[in-house]
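> below are the sequence and a predicted model; questions follow.
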Amino acid sequence: MIDILTNLNVRDFLTSLADGELNIATEFVWVIIATALSMVGGAIGGMLLAGKDIGYQFSAMLGALFAPAGVIPAIILGLAVLNLLTNY
């Protein structure tokens, strides 16, 4: 674990991620984080909305599958706008 943190490439990546610098690697990481969080939120929302009607497991699975369909394009569009705004 110490070798990973002392590696210069990993240290530079973590620094750019923490500083808010937008490049292709950090944007990819933010899309992955947003997708995972949207899946969790979609599962919770699905259970709250349709848990009693179709079952809690099935509604959680449907919510987790359909939530990233709306989140991923919004995150990509938002990151593109932020990238354009930082250039000006």
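Cool, the structure landed. Numbering: from 1, shown residues only.
> give the residue spans of the protein that score low on pLDDT.
1 (pLDDT under 70).
> ramachandran angles for Asn23?
Main-chain torsions, Asn23, degrees, to the nearest 10: phi -140, psi -180.
> what's the helix or strand for the residue of the chain most remote from its centre?
The outermost residue of the chain, judged against the average C-alpha position, is Asp53 (29.2 Å), by CA atoms, centre = their mean. In the assignment (DSSP states H and E), Asp53 maps to helix 24-54.
> mind listing what's buried along that helix?
Within helix 24-54, the residues that count as buried by 16 or more other CB atoms under 10 Å are 26-27, 30-31, 34, 38-39, 42-43, 45-47, 50-51. In this view, the C-beta of every residue, glycine as well, is placed from N, C-alpha and C.
> how many neighbours does the closest residue to the residue farthest from the centre of the chain other than its chain neighbours have?
Distance criterion CB to CB, 6 or more residues apart in numbering; nearest residue to Asp53, sequence neighbours excluded, is Ser59 at 7.7 Å. Counted with other CB atoms under 10 Å, residues neighbouring Ser59 total 21.
> ok, Ser59 to Gly20 distance?
Plainly put, Ser59 is 36 Å away from Gly20 if you go by CB to CB, to the nearest Å.
> what's the answer for Phe66, then?
Counting by CB to CB, the gap from Phe66 to Gly20 is 30 Å.
> the more surrounded of those two?
Neighbours per residue (other CB under 10 Å) separate Phe66 from Gly20, with Phe66 holding more: 14 against 9.
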